[in-house]
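In: here is my input, please return the structure:
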Amino acid sequence: MSAAEGPLVVGVDTSTQSTKVLVVDAATGQVVASGQAPHTVSSGAGRESDPRQWWEALSKALDQCGDAAREAAAVSVGGQQHGLVTLDARGEPVRPALLWNDVRSAPQARRLTEQLGGAKAWAERTGLVPAPSFTVTKWAWLAENEPEALRATKAVRLPHDYLTERLTGEGTTDRGDVSGTGWWASATEAYDDEILAHVGLDPALLPRVVRPGEVAGTVRDSHDLPFSKGTLVAPGTGDNAAAALGLGLRPGTPVLSLGTSGTVYAVSRRRPTDATGTVAGFADAHGDWLPLACTLNCTLAVDRVAALLGIDRDAVEPAGDLTLLPYLDGERTPNLPHASGLLHGLRHDTTAGQFLQAAYDGAVHSLLGALDLVLDEDADRSEPLLLIGGGARGAAWQQTVRRLSGRPVQIPEAQELVALGAAAQAAGLLTGEDPAAVARRWQTARGPVLDAVERDRAALDRIAGVLSDASPLLEREPNTD
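Out: Okay, here's the model as predicted:
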């Protein structure tokens with residue numbers, strides 16, 4: 001048995017590239033065991049993944065936790081948002097899941113926006129303006145391109161829903177993750193019958209939306225994981241909402257997350273409705289809202305540039321007049337789904353280090369451009385920016401964010417914040433606490449604060465100018481002839 005002070009809980013992070021598991025002492029927040037196993041994602045025009053490998057990865061990650069996982073009293077799953085999981089009558093995937101960074105549904109996103117009242121109407125209704133990341137556009141793409149898969153589909157789930165259902169046998173989701181589909185109306189906090197009818201999606205195929213603090217179910221008999229039958233299962237949520245719980249966020253505190261995607265967000269008491277589509281008006285996992293802006297190209301794009309140059313990811317030099325827009329997968333913020341990377345200002349004396357720094361600058365510029373839109377008007381602009389995600393401990397990322405934001409930057413010591421947030425949600429089931437309060441009790445946001453430096457407005461203006469001048473090229477759709 002473990003020497004933990006309180007009951008043990010399990011938090012799961014099923015992300016794009018891997019599944020990570022933490023076993024946490026609910027009393028202290030101490031991580032007593034952890035595990036991780038990878039996923040594969042298709043390359044080429046689409047980004048797809050077989051949901052069954054998420055379950056296999058969860059099993060492998062739990063096995064690495066040993067006896068601690070078997071002692072768990074509750075479990076919760078945080079997962080990558082927006083992915084379209086289609087299941088047949090036996091609960092098996094009809095086809096691989098269409099992931100958040102699959103941008104093939106850009107034409108459907110445009111048509112849906114036009115057909116149902118325009119961007120302002122969508123924002124006021126759902127909190128979102130259709131973009132290829134969102135699930136409703138992926139369903140519309142599937143209807144046009146794979147009608148046989150549509151006919152075979154008897155249940156529609158998000159990635160975290162899929163794992164939760166395999167644990168409990170019940171089809172459930174939560175307000176945080178479902179708010180990123182485009183078929184849930186944030187104004188009424190219910191599925192939108194008109195949108196569902198328009199895209200031909202029967203609401204009977206969708207999961208029940210579990211309320212914050214409600215038990216989604218209990219672990220059933222038929223599974224191959226080290227949980228006891230009857231172990232409590234929390235609602236789970238999307239990855240960004242889980243990370244917000246993991247930080248114990250209070251309204252107004254800004255977060256910049258550096259991962260496969262980059263995000264900026266903050267908890268708000270106000271329901272967001274941004275008609276430009278820059279800010280997604282997501283719900284959070286405990287009754288408030290989580291306005292968020294996301295970029296498709298962050299750490300992977302910069303790492304790819306470093307690999308092409310054959311240098312270490314921290315081997316940067318001041319970029320000078322070089323500008324790189326690292327839109328290697330298209331881009332979501334700004335909304336340029338067909339774009340590719342663009343370089344301007346290359347000279348004979350340009351160094352590899354300058355080239356790499358320009359990639360960092362281009363990635364961070366996209367995120368900071370949305371930060372003021374994410375924050376409420378009365379938010380304290382001098383408050384430290386919480387820097388999280390895989391890139392947060394990289395010196396070049398830290399210095400770039402400080403230089404381009406002009407804000408102090410805090411680096412939480414806690415890692416795997418999505419899994420920690422899921423664990424806090426599971427702990428809340430046992431203690432009756434708000435999961436964010438659980439995380440604050442665990443002091444998950446504690447970490448060093450890097451002082452503010454003077455903001456490099458010249459670099460910001462240069463990047464903005466190149467982006468504006470290159471818009472016709474970046475917006476050009478690929479020639480499919």
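In: quick one: residue 264 and residue 369 touch, right?
Out: No - counting by C-beta atoms under 8 Å, residue 264 sits too far from residue 369 to count as a contact (9.2 Å). Where you see a C-beta, it was placed from the backbone N, CA and C, and this is true even at glycine.
In: more crowded one of the two?
Out: The neighbour comparison of residue 264 against residue 369 (other C-beta atoms under 10 Å) goes to residue 264, with 26 against 20.
In: now the one helix or strand that one maps to, how far from the centre of its chain.
Out: Assigning secondary structure by DSSP states H and E places residue 264 in strand 262-265. Between the centre of strand 262-265 and the centre of its chain there are 8 Å (C-alpha atoms, centre = their mean, to the nearest Å).
In: name the helices or strands packed onto that strand?
Out: Here strand 262-265 touches helix 239-247, strand 255-258, strand 289-295, helix 352-374, going by 3 or more C-beta pairs under 8 Å, 6 or more residues apart in numbering; DSSP states H and E.
In: who's in contact with the shortest one?
Out: Where contact means C-beta atoms under 8 Å, 6 or more residues apart in numbering, the residues beyond strand 255-258 that reach it are 240, 243-244, 247, 249, 262-266, 298-299, 367-368, 371, 385-392, 394, 397, 401.
In: any idea how far it is from the chain center?
Out: 10 Å.
In: likewise for the longest one?
Out: Here helix 352-374 shows a centroid-to-chain-centroid distance of 18 Å under the convention C-alpha atoms, centre = their mean.
In: buried sites along that helix?
Out: By neighbour count on 16 or more other C-beta atoms under 10 Å, the buried set for helix 352-374 is 352-371, 374.
In: who are the packing partners of the next helix or strand after it?
Out: Remark: after helix 352-374, the chain's next helix or strand is strand 385-388, criterion DSSP H and E. Counting contacts by 3+ C-beta pairs under 8 Å, 6+ apart, strand 385-388 is packed against helix 239-247, strand 255-258, helix 395-405, strand 409-410.
In: using JSON lines, lay out these together with mean pLDDT.
Out: Listed next are these as JSON lines, based on pLDDT from 0 to 100:
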{"stretch": "helix 239-247", "mean pLDDT": "95"}
{"stretch": "strand 255-258", "mean pLDDT": "94"}
{"stretch": "helix 395-405", "mean pLDDT": "97"}
{"stretch": "strand 409-410", "mean pLDDT": "97"}
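In: where does the protein have low pLDDT?
Out: 1-3, 222-223, 480-481 (pLDDT under 70).
In: pretty sure residue 240 sits against residue 264.
Out: No - between residue 240 and residue 264 there is no contact under C-beta under 8 Å: 10.1 Å.
In: intersection of neighbour lists for those two?
Out: 257, 292.
In: name the element residue 52 belongs to?
Out: Assigned by DSSP H and E, residue 52 belongs to helix 51-63.
In: contact partners of the helix or strand that that helix is followed by?
Out: Counting by DSSP H and E, the next helix or strand C-terminal to helix 51-63 is helix 67-70. Among residues not part of helix 67-70, those counted as contacts by C-beta under 8 Å, 6+ apart are 1-2, 8, 10, 21, 23, 32-33, 62, 225-228.
In: rerun at 7 Å
Out: 2, 8, 10, 23, 32, 33, 62, 226 (C-beta atoms under 7 Å, 6 or more residues apart in numbering).
In: which of those residues sits closest to residue 279?
Out: Closest approach to residue 279 among the contacts of helix 67-70 (C-beta to C-beta): residue 10, at 32.4 Å.
In: hang on, that closest one in a strand?
Out: Yes - Residue 10: assigned to a strand according to DSSP: H, G, I helix; E, B strand; the rest coil.
In: that one: neighbour count?
Out: Residue 10, neighbours per other C-beta under 10 Å, totals 32.
In: what bridges to it?
Out: residue 23, residue 75 (DSSP bridges).
In: touching, it and residue 23? I think so.
Out: Yes - at 5.5 Å, residue 10 and residue 23 qualify as touching, with contact defined as C-beta atoms under 7 Å.
In: hey, where'd the strands end up in the stretch 201-350 of the chain?
Out: 208-210, 217-218, 232-233, 237-238, 255-258, 262-265, 280-283, 289-295, 323-325, 342-344 (DSSP state E, counting those that start in this stretch).
In: would you list those strands in TSV and tack on distance to residue 414?
Out: TSV is the format used below for those (distance: least, C-beta to C-beta, whole Å):
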stretch	distance to residue 414
strand 208-210	26
strand 217-218	28
strand 232-233	23
strand 237-238	18
strand 255-258	13
strand 262-265	17
strand 280-283	22
strand 289-295	19
strand 323-325	32
strand 342-344	36
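In: residue furthest from the geometric center of this structure?
Out: residue 348 (39.3 Å; C-alpha atoms, centre = their mean).
In: what is the distance between the helix holding residue 52 and the centre of its chain?
Out: 20 Å.
In: residues of it that come out buried?
Out: Applying 16+ other C-beta under 10 Å to helix 51-63 flags 51, 53, 54, 55, 57, 58, 59, 61, 62 as buried.
In: export those to CSV and tack on distance to residue 79?
Out: Below are the buried residues of helix 51-63 laid out as CSV (distance: C-beta to C-beta, whole Å):
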residue, distance to residue 79
51, 10
53, 14
54, 8
55, 12
57, 12
58, 11
59, 16
61, 14
62, 16
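In: list the contacts of residue 318.
Out: 354, 357.
In: I'd like the distance between it and residue 361.
Out: 10 Å (C-beta to C-beta, to the nearest Å).
In: where do the contact lists of residue 10 and residue 23 overlap?
Out: Common neighbours of residue 10 and residue 23 (C-beta under 7 Å, 6+ apart) are 69, 72.
In: which non-adjacent residue is nearest residue 152?
Out: residue 94 (4.8 Å; C-beta to C-beta, 6 or more residues apart in numbering).
In: okay then, goodbye and thanks.
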